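> have a look at this prediction, sequence included:
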Amino acid sequence: MAALDPRVDGAGRDRGRGPGRIPAREGRGPAPREDPQQVLLLIAQHTGKSLSGTLEQNSATGLPELPKSAPEAAAPEAAWLELLTGSHTARVYLDGPGNARVQVMDRMAERDAIRRGNDLWLYNSKDNTAAHTRLPAGDAGAHQADPGPAATPGELADKLLATVDPGTEVTVAPDVQVAGRPAYNLLMTPTSDVTLMGSVAIAVDGETGLPLRVEVKARGQAEPVFSLAFTSLKLEAPDASLFNFTPPPGATVQEVPLPDHSADAATPPSDTAKPKEATRPAVTGSGWESVLEVPAGAAALQGRTQRQNGAPDPATDNPLQPGPSLPEGSGSGNAALLDQLAVAVPGGRLVSTSLLNVLILDDGRIFVGSVPLERLQAAATPQ
């Protein structure tokens, strides 16, 4: 991990750790104690790839929990909304870069993603459907087994640590216990007065450096609005049979070929490639004040089509507008969910939470950021 350049509090205060203190790490240098850089180094040095455990994700952003019994809640494109609502439990099994299984426990149902070598299976017990694809040889680690919103605290910690900039105060809070393991508590606090982010706390296993829990607080709030944590954990290889999967009797199975990008790489750039470039997301700003722009058409929803030349059509690509084949007031997938959550603002609609704002413009563009609406509107205005 590259050296970070945040404002770091390296005070050597002794908290007088009592029972449950982090054990000495023989042969690995002094314990990080209250030195944030040493905790960051401990995370970077973590190499363990085998584990099994149970994860709990809790969201208290102020949005209503999605009705998991509704058809649109099962749609794949609804996963990002799940991150902002309710609670989720998942079991995770990892053994090296090529074997992984994630089980997301829904109400009266289960979603599974299983990877064994180059075989990747996705299964949903709600409708007894399965999808299978073969990953390219030597593609270990490039595709994760991920059936929904659940990720490991380590994956989430990596993304948040990449956001740390000189405008972040990094300290070490008192030690915590997570899944029965003592852990350092790395605390990142943005100093920006613009971002909605209040702080991020990453509990780091004192023995291995594995992130065990991530808690995110919104500005001005005492309790986390989002948390992802192990509630049980074994740092050993799971039973190999867990990575085997055979579709249950009567399951509908779909073979999904991966797109072949080799031909695209060998084809010289041309005007026909411009529409594809126009649908790639872009980021403005930096650090905690970053704004993600998703161009019109890049987040097409179920039941919607693009024009045959590949260019987005603002009349049909706004996820809050009915599709060409849908009557007014109807919708599917995210369209119906967003219609319930969004409020009208000049030029579009807004999904607002204490931590994140999503601006969906009438022309189909989407702007997302942990910033106030005014910042999203400014990013949407041509300079």
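Yep, it's here.

> am I right that Val176 is in contact with Asn185?
Yes: counting by Cβ atoms under 8 Å, Val176 does reach Asn185; the two are 5.0 Å apart. Quick note: C-beta positions are derived from backbone N, CA and C, even for glycine.

> could you pull up the mean pLDDT of stretch 136-152?
Stretch 136-152 carries an average pLDDT of 58.

> and that stretch, end to end?
This stretch, stretch 136-152, spans 24 Å end to end (Cα to Cα, to the nearest Å).

> please apply the same query to stretch 194-211.
28 Å.

> quick one on the thing from earlier: which residues do Val176 and Asn185 both contact?
With contacts taken as Cβ atoms under 8 Å, 6 or more residues apart in numbering, Val176 and Asn185 have Ala203 as neighbours in common.

> remind me which residues of the stretch 151-300 of the chain are low pLDDT?
Scanning the stretch 151-300 of the chain for pLDDT under 70 picks out the ranges 259-279, 298-300.

> what ranges does it have for its helices?
153-161, 262-266, 274-278 (DSSP state H, counting those that start in this stretch).

> please apply the same query to the stretch 1-150 of the chain.
36-45, 79-83.

> worst average pLDDT in those helices?
helix 79-83 (a mean of 55).

> in stretch 283-294, which residues are buried?
For stretch 283-294, burial by neighbour count (16 or more other Cβ atoms under 10 Å) applies to 284-285, 287-294.

> what do you get for stretch 343-362?
For stretch 343-362, using 16+ other Cβ under 10 Å, the buried residues are 348-361.

> for the record, mean pLDDT for that stretch?
On average, stretch 343-362 scores 92.

> renumber starting at 20 from here on
Right, with 20 as the first residue, what we last looked at is stretch 362-381.

> quote the end-to-end distance of it.
13 Å.

> picking that back up, looking at the buried residues of stretch 302-313, which is nearest Phe264?
Val313 (33.0 Å; Cβ to Cβ).

> how far away is the spatially closest residue to that closest one that is not a sequence neighbour from Ala315?
Excluding its sequence neighbours, the residue lying closest to Val313 (Cβ to Cβ, 6 or more residues apart in numbering) is Ile385, at 4.1 Å. Distance, Ile385 to Ala315, using Cβ to Cβ, to the nearest Å: 8 Å.

> do Leu180 as well
In terms of Cβ to Cβ, Leu180 sits 32 Å off from Ala315.

> isn't Asn137 up against Arg153?
Yes: using Cβ under 8 Å, Asn137 is in contact with Arg153, at 5.6 Å.

> the buried residues of stretch 302-313 in strands, which ones?
For the buried residues of stretch 302-313, the ones inside strands are 303, 310-313, with DSSP state E as the criterion.

> and the furthest pair within the residues you listed?
Thr303 and Val313 (12.3 Å).

> need the strands for the stretch 220-369 of the chain, in chain order.
230-237, 245-253, 271-274, 301-303, 310-313, 362-364, 367-371 (DSSP state E, counting those that start in this stretch).

> looking at those, which is closest to Val111?
Closest among the strands of the stretch 220-369 of the chain, using Cβ to Cβ: strand 245-253, at 8.4 Å.

> okay, buried residues for the closest one please.
Buried-residue list, strand 245-253, by 16+ other Cβ under 10 Å: 245-249, 252.

> now swap in stretch 132-147 and tell me
Per 16+ other Cβ under 10 Å, stretch 132-147 contains these buried residues: 132-135, 139-145.

> contacts only, for Lys145.
Listed by Cβ under 8 Å, 6+ apart, the contact partners of Lys145 are 93, 125, 127-128, 130.

> against Glu129, how distant is it?
Counting by Cβ to Cβ, the gap from Lys145 to Glu129 is 8 Å.

> what is the burial count for Asp382?
15 (other Cβ atoms under 10 Å).

> all strands of the stretch 70-219 of the chain, in order?
106-114, 118-125, 128-135, 138-143, 148-153, 187-197, 200-209, 216-224.

> other residues contacting the fourth one?
Read it as strand 138-143. By Cβ under 8 Å, 6+ apart, the surrounding residues in contact with strand 138-143 are 93, 128-134, 148-154, 162, 164, 166, 264, 266, 270.

> could you check how far the residue nearest to Val235 when sequence neighbours are not counted is from Glu234?
Sequence neighbours aside, Phe245 is the residue nearest to Val235 in space, at 4.4 Å (criterion: Cβ to Cβ, 6+ apart). Distance from Phe245 to Glu234, counting by Cβ to Cβ: 7 Å.

> please apply the same query to Val121.
21 Å.

> coming back round to it: could you dump the ones in strands among the buried residues of stretch 302-313 to TSV with distance to Ala79?
Listed next are those as TSV, based on distance: Cβ to Cβ, whole Å:
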residue	distance to Ala79
Thr303	28
Val310	24
Leu311	23
Glu312	27
Val313	25
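
> please report how far Gly316 lies from Val310.
Computed as Cβ to Cβ, the Gly316 to Val310 distance reads 19 Å.

> again with Val195
Distance from Val195 to Val310, counting by Cβ to Cβ: 33 Å.

> check Thr372 too.
Distance of Thr372 to Val310, given as Cβ to Cβ: 15 Å.

> can you check Ser211 too?
Distance from Ser211 to Val310, by Cβ to Cβ: 13 Å.
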